[in-house]
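K.L.:
Take this sequence and fold it.
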Amino acid sequence: MHNFNLKMIKIILVILMLAVVFVMVKGIGLLKNNYYWRTPYFVMQYDFIKDKIAFANYMNGGISDWFRSSKNISSSQASQEETAKSIPVLLYHGVMKDPNWKLDDVNISLEDFRQQMFALKKAGYQTITLEEYLDFMNGKRALPAKSFMLTFDDGRKDSFYPVDPILKVLGYTAVMNVITGRSLGQENEKGSFHLSQIELQKMTESGRWEMASHTENGHDYEKISPSDNAGHFLSDKLWLASENRMETDTEYFDRVSKDLAASKADIQKKLGVKALAFAYPFGDFGQESSNYPDSQNILPGILRKIFPVTFYQTRGSEFLNNYQGDPFMTRRIDMKSEINVFSDASAKNLVNLLNNDMEKSLDYTDNFEKNNGWLQGWGTLAFSKNRMTISDSPTDDSGMTFLGGTYLWKDYFFQVRASLPKGGAFALAARYQNEDNYAACDFTDIHVAFAQRAGNKDEPDKEQLMQTNLTNGRIADIGISVQGDKATCYLDGKPVTSGVIETGLENGGIGIKMWDINQMKGSSLIVSDLKVMAALPAVQK
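P.N.:
So this is what the prediction gives:
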């Protein structure tokens, strides 16, 4: 009987031990699948503490500001009394934490990103949400002057895990543009590059992240010809190899429409949140099509029925910010390209870029001691000895620049002192909106002409033939006035020719262009003593 009891006890102990092991294994499995027990989550908590301390030190308060910094952060937004006239939208991709990461054309180092966000916060900038942006653009909401939107493309893990602790410290929000076929597909939990469904859900639950579309399966290069040429999914027709033919117009329309609608449905059904925006892969809304130029007209038409906001990257000849009106085509500043307008991607240069693109008031003067917001359309731009020099470049046979923060200007007189040491012509632009919409006065050796471009169409010049002697390097005062629908060109303080401004050019900023009529290289224009006045001086009326 005694032996029997011992055996039973041993059996019970073994059963208990097996049960404990089973429970532990199951528990470990459950914890392993729990988002909050994953290693990256614990790393984020550690990073949050480090970023909290780093920001306290950055704000010159040190660790003693640990508990006070959150209060100071929230009060900085309330202190902004001026309201925004425009909104910049910043674009990032990966934020690289690896110290051995090599600089590339897409991503940014974690240290650079951290310093940029700290600098923006210290300068008084505050993020806004998509709904706030939509309300502002539609005239339904006022926002603080230093408002901006922060966006990330591709739904990458390396643009969430290193970034979220910084957002949490600063009280910032961001938009993640998700390739839903990669993040919300059946294999989404196994990937190491794109965020998974549970990660996206936790992001939205934090209140710091919004989700937007970056297509369902449209962010790849596709075969667009029998010779294996590759093109963009959204802007090109595909080559159907199995049928040895190109897609028809109808097939293109149906394919693209299905993908875009599916991406919105993925976000709304699987994440339970609104999908208000779409980001064009590669910034291509059809303008870069290789085999279907009509996509530039068709693609936006499809998207307008699905999303109220679409994002694309600014081109060199466009203002950086977005002004009240239709938010459908929203410009973004690509932080790996536009920031180079002010040299490298430093925090100081980013703040300067945004500050200089805020609205300037009339009357306005510029002595060119430094760059106060001149954006390089093409060619090259340099500042030295209170002068700005506009030149051609190895890739451009002309040079052009325009002044940020002047888009909303309407009636004014714009004058500079100019010298053309080498080249054949130059122009002053007024009511400049982009390279396809502006009024201008053109100056050459033999004439002064009022010219304009409206809706990508050149209008006839109003030309005055005269000997100007401008190409021999002489210094001259040149100007243009825009008052209502009338524009007048000035040379040496005197009106020379005038014309009627086209409808659609009721507002816009100032710009300067130079070129050589014979397209010879090495031409440049030197300008100084710029002034812009709300009305003509009495002596020049």
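
K.L.:
quick one: contacts for the nearest residue to Thr173 once chain neighbours are set aside?
P.N.:
Once flanking residues are discounted, Thr173 sits nearest to Thr127: 4.8 Å by CB to CB, 6 or more residues apart in numbering. Backbone N, C-alpha and C define where each C-beta goes, glycine included. Residues near Thr127 by CB atoms under 8 Å, 6 or more residues apart in numbering: 147-150, 172-174.

K.L.:
And for Val43?
P.N.:
Tyr161.

K.L.:
if we go to 6 Å?
P.N.:
If you count contacts by CB atoms under 6 Å, 6 or more residues apart in numbering, Val43 has none.

K.L.:
how about it, phi and psi?
P.N.:
phi -60, psi -40 (degrees, to the nearest 10).

K.L.:
mind showing which ranges of this structure have poor pLDDT?
P.N.:
1-14, 16, 18-37, 61-81, 186-190, 337-345, 519, 537-541 (pLDDT under 70).

K.L.:
Surely Ile128 and Ser147 touch.
P.N.:
Yes - the pair Ile128 and Ser147 passes the contact test of CB atoms under 6 Å, sitting 4.9 Å apart.

K.L.:
what about stretch 375-394, how long is it end to end?
P.N.:
19 Å (CA to CA, to the nearest Å).

K.L.:
Might you calculate how far that stretch sits from the centre of the chain?
P.N.:
Going by CA atoms, centre = their mean, to the nearest Å, the spacing between the C-alpha centre of stretch 375-394 and its chain's C-alpha centre is 23 Å.

K.L.:
try stretch 462-482
P.N.:
37 Å.

K.L.:
try stretch 501-512
P.N.:
Distance, centroid of stretch 501-512 to centroid of chain: 23 Å (CA atoms, centre = their mean).

K.L.:
Could I get the buried residue list for it?
P.N.:
501-502, 505, 507-512 (16 or more other CB atoms under 10 Å).

K.L.:
for these, which one is nearest Gly423?
P.N.:
Nearest to Gly423 among those is Ile512, at 12.6 Å by CB to CB.

K.L.:
ok, that closest one to Gln433 distance?
P.N.:
15 Å (CB to CB, to the nearest Å).

K.L.:
And Asp397, by the same measure?
P.N.:
Distance of Asp397 to Gln433, computed by CB to CB: 24 Å.

K.L.:
Settle it for me: which of these two has more neighbours?
P.N.:
Just comparing Asp397 and Gln433: by other CB atoms under 10 Å the higher neighbour count belongs to Gln433, 23 against 16.

K.L.:
residues in contact with the host helix or strand of that one?
P.N.:
Assessed by DSSP states H and E, Gln433 sits inside strand 425-434. By CB under 6 Å, 6+ apart, the surrounding residues in contact with strand 425-434 are 317-318, 402, 414, 420, 438-444, 480, 482, 505, 508-509, 511, 513-515, 517, 525.

K.L.:
Just the CA coordinates for it, please, in PDB.
P.N.:
Extracted in PDB, the C-alpha atoms of strand 425-434 (Å, rounded to 0.1, in the frame of the first residue of the first chain):
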ATOM      1  CA  ALA A 425      18.200  88.500 -71.200                       C
ATOM      2  CA  PHE A 426      16.600  88.600 -67.800                       C
ATOM      3  CA  ALA A 427      13.100  89.100 -66.400                       C
ATOM      4  CA  LEU A 428      11.300  90.300 -63.300                       C
ATOM      5  CA  ALA A 429       8.200  88.200 -62.400                       C
ATOM      6  CA  ALA A 430       5.200  89.400 -60.500                       C
ATOM      7  CA  ARG A 431       2.000  87.600 -59.400                       C
ATOM      8  CA  TYR A 432       4.200  84.500 -59.600                       C
ATOM      9  CA  GLN A 433       2.400  81.300 -58.600                       C
ATOM     10  CA  ASN A 434       4.500  78.700 -60.300                       C
END
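
K.L.:
tell me what the helix or strand just after it is packed against?
P.N.:
Per DSSP H and E, the first helix or strand lying C-terminal to strand 425-434 is strand 437-443. Other helices and strands packing on strand 437-443, by 3 or more CB pairs under 6 Å, 6 or more residues apart in numbering; DSSP states H and E, are strand 425-434, strand 447-454.

K.L.:
from those, which stretch is densest packed?
P.N.:
For these, the largest average neighbour count (mean count of other CB atoms under 10 Å) is found in strand 425-434, namely a mean of 25.

K.L.:
what are the pairing partners of it, and which direction each?
P.N.:
strand 437-443 (antiparallel), strand 509-515 (antiparallel) (DSSP bridges).

K.L.:
The last one: how far from the chain's middle?
P.N.:
The gap between the average C-alpha position of strand 509-515 and the chain average comes to 23 Å, counting by CA atoms, centre = their mean.

K.L.:
Ok, stretch 303-323 next?
P.N.:
8 Å.

K.L.:
got the CA positions of that stretch in PDB?
P.N.:
Extracted in PDB, the C-alpha atoms of stretch 303-323 (Å, rounded to 0.1, in the frame of the first residue of the first chain):
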ATOM      1  CA  LEU A 303      -8.700  59.900 -56.700                       C
ATOM      2  CA  ARG A 304     -10.900  62.900 -56.200                       C
ATOM      3  CA  LYS A 305     -13.900  60.600 -55.800                       C
ATOM      4  CA  ILE A 306     -12.100  58.600 -53.000                       C
ATOM      5  CA  PHE A 307      -9.900  61.000 -51.000                       C
ATOM      6  CA  PRO A 308     -10.300  64.700 -50.200                       C
ATOM      7  CA  VAL A 309      -6.500  65.200 -49.900                       C
ATOM      8  CA  THR A 310      -3.700  63.800 -52.000                       C
ATOM      9  CA  PHE A 311       0.000  64.500 -51.300                       C
ATOM     10  CA  TYR A 312       2.800  65.100 -53.900                       C
ATOM     11  CA  GLN A 313       6.300  66.400 -53.600                       C
ATOM     12  CA  THR A 314       7.000  70.100 -54.400                       C
ATOM     13  CA  ARG A 315       8.700  70.700 -57.700                       C
ATOM     14  CA  GLY A 316      11.500  73.300 -57.900                       C
ATOM     15  CA  SER A 317       9.400  76.100 -59.200                       C
ATOM     16  CA  GLU A 318       6.600  75.900 -56.700                       C
ATOM     17  CA  PHE A 319       6.000  77.600 -53.300                       C
ATOM     18  CA  LEU A 320       6.600  75.200 -50.500                       C
ATOM     19  CA  ASN A 321       3.500  75.900 -48.400                       C
ATOM     20  CA  ASN A 322      -0.200  75.200 -49.000                       C
ATOM     21  CA  TYR A 323      -2.700  78.100 -49.100                       C
END
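
K.L.:
Pipe the helices and strands packed on strand 437-443 into TSV and attach distance to Leu240 per row.
P.N.:
Below are the helices and strands packed on strand 437-443 laid out as TSV (distance: least, CB to CB, whole Å):
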stretch	distance to Leu240
strand 425-434	37
strand 447-454	40
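
K.L.:
just so I know, which of the ones you listed lies nearest Tyr58?
P.N.:
strand 425-434 (36.9 Å).

K.L.:
From Asn386, how far out is the closest residue to Ser225 other than its chain neighbours?
P.N.:
Distances taken as CB to CB, 6+ apart place Trp239 nearest to Ser225, at 5.4 Å, with adjacent residues excluded. Distance, Trp239 to Asn386, by CB to CB: 57 Å.

K.L.:
More neighbours: these two, which one.
P.N.:
Trp239 (20 against 12).

K.L.:
dump the residue contacts of that one.
P.N.:
Neighbours of Trp239 in contact, by CB under 6 Å, 6+ apart: 223-225, 246.

K.L.:
Name the residues that touch whichever helix or strand Glu251 is part of?
P.N.:
Secondary structure here is read from DSSP H and E; on that basis Glu251 sits in helix 249-270. For helix 249-270, contacts defined as CB under 6 Å, 6+ apart pick out 180, 184, 211, 213, 215-216, 218, 234, 237, 275, 302, 306.
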